[in-house]
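[1] Need coordinates for the following:
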Amino acid sequence: MATRELDELRKQLETLQRSHDALLKSLSASNGSFEPSDVTRLRRNATQRGDAVFADTSTLSDDSSDDEDEFFVQNELPSQSFDHEHLREHLKTHNWDEHGREILESLVSDPAKLSKQPHLFHLGPGPAEDRSHYSHFQVYNVGPDGHPELVEVSSADNAMSKATEIWHSIRDIGKTSEKTTAGRITVAREPSPILFGALHLTLHNAFDMDELFRHLVRTEASSSHMFRAFTEDPRHQRTFFFTFEYYTIIGDDCKPMQWQRADTVTSSSDSHIPLSRCGAVVALALFDENPRRVRNRARGSKTNYGWVHDMWSPYQVLQLECFPDWKSTPINGKPYTFETGHRYLNGPEAFLHALLTEYRDARKRYDEIYKQITELVTPPLGFLFDEDARRKRLFEDKHFTWTRRYFYAHQALGNVNDSIKAMIDAFEDTFTEDVWDGESKTLWPLYEESPRNDHWKRRLRLLRLQFEREMKELRILQRENNERRHEIETLQEQLFSGTSIQESRKSVELADVTVHQGYNIKVLTIPLTFVTSIFGMTNMPAEPAPYWPFAITLVAICVPFFSIIGFLSTKYGYHVWATKTRQVWRWLRPKPKSEEEAETEYTGQTRKNRSMSTEEGKALAFTIASRSSHNLVATARNPNDLAYLPDDSPKTLKLQLDVTSPDNVSLVLDRAVQKFGTVDVLVNSAGYALSGDTESATESEAHEIMETNFFGTVRTTLAALPTMRSGGRGGLVMNISSVAGVCAFPGHAFYHASKHAVEGWTESVAKEMDSDWGISFCIVEPAAVKTNFEGHSKKNTAPHSAYADPKMPARMLQKYVDAGLKQGVGMEPADVARVLYEVACRGEKVPLHLPLSVNALKLIKGAFEEKLKKLEESKGVSESLS
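    As a prediction, this is how the structure comes out:
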């Protein structure tokens, strides 16, 4: 009877335990502890240094007397022992690949020297030639109670070198200790070449050390290698590892490894940050004598079966770091990771703690880079009160100091963000929900429900909480880096603007100097002119000559004449003479009033080309085609106009397009989607101008320009919208309008009508879009562009006799346009293409209206201000009706 009651009580306890676990899981999911980070809600104090205060598993887990001893790994790790000659023979006979040779170059490059060398390690305390005195190893034996015990081999008189102490700590497992060793944890920081060789020897039976060395040497992004049950190498089946590759600031007295990319100047200064690539490997090996066989269900796999090692088997953990700094050392008196008193249930838990340490150390390094770059580019506190400091930041010097500094800081933060993203992706792609729940088929699966597995799940949840917190912190750091990059871009623009203005003023000053030099030359030649014009060799009086003719000539002719010449040689004198002469001329020949009004009305409006033409299309096509990451669909009415683009590029599709043909438009869109899958950006630039007397234009001419400029834009846009909407990626439609789409000038009525129609239609369609579709519109309104618009993109109506007078507004406007074309006014097509490309690619909100150039903005603002003024004048009449 008592036995039955005891069994029922046990069942009730197990039911309560499972309910507790389910409740904890649901609460964790609901409160967001394990959800992806909401970066916008968090803000990190970038000036705060050191380790962040997180909940540690030593305080949150059940490391107490409540733990059952049998929960920990009980089996013994296979023993091994090596001596000095084993290491020498291993260095000589192992088939080293190129990466191993690069690490051990000073040892394996000369095998004969290796054989003759009596001692492989530096003897005695003190600095060593191979810098092995900077190496730092920590080796722990983990017993059946889960407690890591540091392996110490220092002698009483401390006569051994650092390298010799490390060798004695790693060469044996289970030989000298009377206590059972269930696990071995090796932490190696900055090993010298001989210690790399010692690690390779002592761990090559547990890990594929050649593989780990290869990942250390290669300049790649951080990555994970955890799902290896179906590989052919037995060592790969039982091992799991993360590799870290990112950046750090070189510490004092530190030196990067010979294979690590680093600044040649390792000293820090006010204008330089010594950066280096750094790397680490965190690896776990499980020693299961009876691994479980699993079937490989992947299609096209090379192996049909794999082997999964039990997570409760003996293990080895390796934490190999190559960081030329001191950031791995805890601060504020905190202990090292494996010296906190925490007891480790199994190898995966020890591995995850080592992995968590690497992520925290990486964040400390990223914090320091962010701080140093901020100090490098941010103006000091006294900037507002120091004129010299402001001048240095606003005007570039001859060495391009600030241009180089801003470029370096901007690119460095971008590379740091790329490495942070790789680290986050490596973790989140590996530790998915099924891994945390123990349901993965190949990564630490839990095959049954038991108190031991339940206890492991509870610990795993607490570890997950800490990892998720680290991911949030890294994402916050990414955001702060991006904000700092934006500030640097602003500083770059201010520097460029200030320097451009300074250079422009210098150019004006130099031009002024040149003019004055001309004036000076004229003044210097006055005496010579006087001598040769008044008293030349042929008209000098004969001897003896009196002086009174010279005096009369000098006073009556030379002095007044050359005084006038000297006055007119100055800017002021020339201006006075020109103004007075013009006034006299106007007084003698006054202009008719109508001509004066026309001249006043169109002064400065010399822009004619207000539409895209072939030159802009070519420039934009070249800009896109030069980016290997972009696909380009280039169209033209005449395919021969696309000969400037390569025919064999897989990224470019050249098609003939007539925007007035609905069937042709549909065919072109279908072929573009068939080749590239979607259309992300559509640029509608087809169009031409109809210039001349509106009264003489035929109905056919009016229909043709509307068909091309307006309905052509409508057809291509409506054909592309379904693809942008259905693809889920959205898109951008750039309709090339003109200043003529807002303003109006005489002689272009139907051109204005087509561009006003494009603007009104685009605004309406943009408002019809659902925000979830992600489809944006941009109406581009350029002013004058340096193109052959007057030649190939313009048609003229027949002249009308009623408007033939040169004083008519259209004729006056054409005269000023022709004058502007002769002077070469307008934007460069390449600059227009660059701006359009940057607007499309910058990832920010695209403006609906985009005037291009200062003149465009000025003309459009003037048009709106004029309309507002007219509205105010008619306000009384408008308000007279309700």
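[2] what bits of the stretch 1-150 of the chain have low per-residue confidence?
    Scanning the stretch 1-150 of the chain for pLDDT under 70 picks out the ranges 1-68.
[3] can you map out the helices along the stretch 751-882 of the chain?
    Under the criterion DSSP state H, counting those that start in this stretch, the stretch 751-882 of the chain contains helices at 789-792, 809-823, 829-841, 854-873, 875-878.
[4] next one: the stretch 301-450 of the chain
    Along the stretch 301-450 of the chain, counting by DSSP H, counting those that start in this stretch, helices occupy 347-377, 387-394, 401-430, 433-436.
[5] list the helices and strands the longest one packs on?
    If I follow you right, that is helix 347-377. Where contact means 3 or more CB pairs under 8 Å, 6 or more residues apart in numbering; DSSP states H and E, helix 347-377 is packed against strand 183-189, strand 239-249, strand 275-286, strand 315-322, helix 401-430, helix 451-534. All C-beta spots, glycine's among them, are computed from the backbone N, C-alpha and C.
[6] Quick one: closest of these to residue 850.
    helix 451-534 (18.0 Å; CB to CB).
[7] what is the mean pLDDT for that closest one?
    Mean pLDDT, helix 451-534: 81.
[8] Stretch 755-764 now?
    For stretch 755-764, mean pLDDT is 94.
[9] how about the helices of the stretch 751-882 of the chain, which one is nearest residue 95?
    Closest approach to residue 95 among the helices of the stretch 751-882 of the chain (CB to CB): helix 829-841, 48.9 Å.
[10] pLDDT averaged over that closest one, what's the number?
    For helix 829-841, mean pLDDT is 83.
[11] Below-threshold pLDDT in the stretch 751-882 of the chain: ranges please.
    Per-residue confidence for the stretch 751-882 of the chain (pLDDT under 70) gives these ranges: 786-793, 819-825, 843-844, 882.
[12] in the stretch 251-400 of the chain, which ranges drop under the pLDDT threshold?
    Using pLDDT under 70, the stretch 251-400 of the chain drops low at 266, 268, 300-301, 332-333.
[13] make it 90
    Along the stretch 251-400 of the chain, the parts satisfying pLDDT under 90 run over 251-277, 295-306, 323-342, 375-400.
[14] how about the residue lying closest to residue 205 once chain neighbours are set aside, what does it touch?
    Closest residue in space to residue 205, ignoring its immediate chain neighbours: residue 80 at 6.9 Å, by CB to CB, 6 or more residues apart in numbering. Residues in contact with residue 80 (CB atoms under 8 Å, 6 or more residues apart in numbering) are 172, 173, 174, 202, 205.
[15] change it to 10 Å
    Taking CB atoms under 10 Å, 6 or more residues apart in numbering, we find residue 80 in contact with 171, 172, 173, 174, 175, 184, 201, 202, 203, 205, 206.
[16] Across the sheet, point out what pairs with it.
    Counting by DSSP bridges, residue 80 forms beta bridges with residue 173.
[17] ok, back up a step: can you add distance to residue 255 and give the helices of the stretch 301-450 of the chain back as TSV?
    Converted to TSV, these look like this (distance: least, CB to CB, whole Å):
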stretch	distance to residue 255
helix 347-377	17
helix 387-394	34
helix 401-430	21
helix 433-436	39
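[18] Please work out which of these is packed deepest.
    Each of the helices of the stretch 301-450 of the chain was scored by mean neighbour count; the highest is helix 347-377, a mean of 21, by mean count of other CB atoms under 10 Å.
[19] Taking strand 315-322 as reference, get the angle to that one.
    Inter-element angle recorded for helix 347-377 and strand 315-322: 10 degrees (by axes from the mean of the first three to the mean of the last three CA atoms, to 10 degrees).
[20] report the angle between the axes of helix 347-377 and helix 401-430?
    With the same axes, to 10 degrees as the basis, helix 347-377 and helix 401-430 are set at 160 degrees to each other.
[21] chain center to helix 347-377, what's the gap?
    Distance of helix 347-377 from its chain centroid, counting by CA atoms, centre = their mean, to the nearest Å, is 21 Å.
[22] before we move on, what about stretch 373-383?
    22 Å.
[23] Repeat that for stretch 97-108.
    Counting by CA atoms, centre = their mean, stretch 97-108 comes out at 35 Å from the chain centroid.
[24] Using CSV, write out the CA atom coordinates for that stretch.
    Extracted in CSV, the C-alpha atoms of stretch 97-108 (Å, rounded to 0.1, in the frame of the first residue of the first chain):
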residue,chain,number,x,y,z
ASP,A,97,49.0,22.4,-45.0
GLU,A,98,49.6,26.0,-46.1
HIS,A,99,47.8,27.5,-43.2
GLY,A,100,49.6,25.4,-40.6
ARG,A,101,52.9,26.3,-42.2
GLU,A,102,52.0,30.0,-42.0
ILE,A,103,51.3,29.7,-38.3
LEU,A,104,54.4,27.6,-37.6
GLU,A,105,56.6,29.3,-40.2
SER,A,106,59.5,29.9,-37.7
LEU,A,107,59.5,26.2,-36.8
VAL,A,108,58.8,24.0,-39.8
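[25] Now do it: everything it contacts.
    For stretch 97-108, the external contacting residues (CB under 10 Å, 6+ apart) are 88, 91-92, 94, 96, 109, 113-114, 117, 120, 129-130, 191-194, 196-197, 200, 209-218, 257-259, 322.
[26] go with 8 Å
    Stretch 97-108 is contacted from outside by 91-92, 94, 96, 109, 114, 130, 193-194, 196-197, 200, 210, 213-214, 216-218, 257-259, using CB under 8 Å, 6+ apart.
[27] nearest to residue 501, of the helices of the stretch 301-450 of the chain?
    Short answer: helix 387-394, nearest of the helices of the stretch 301-450 of the chain by CB to CB, at 9.2 Å.
[28] how much does that closest one deviate in direction from helix 401-430?
    60 degrees.
[29] and helix 387-394, what does it pack onto?
    Counting contacts by 3+ CB pairs under 8 Å, 6+ apart, helix 387-394 packs against helix 451-534.
[30] now the helices and strands packed on helix 347-377 in a markdown table, with distance to residue 737?
    Listed next are these as a markdown table, based on distance: least, CB to CB, whole Å:
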| stretch | distance to residue 737 |
| --- | --- |
| strand 183-189 | 63 |
| strand 239-249 | 46 |
| strand 275-286 | 47 |
| strand 315-322 | 58 |
| helix 401-430 | 34 |
| helix 451-534 | 27 |
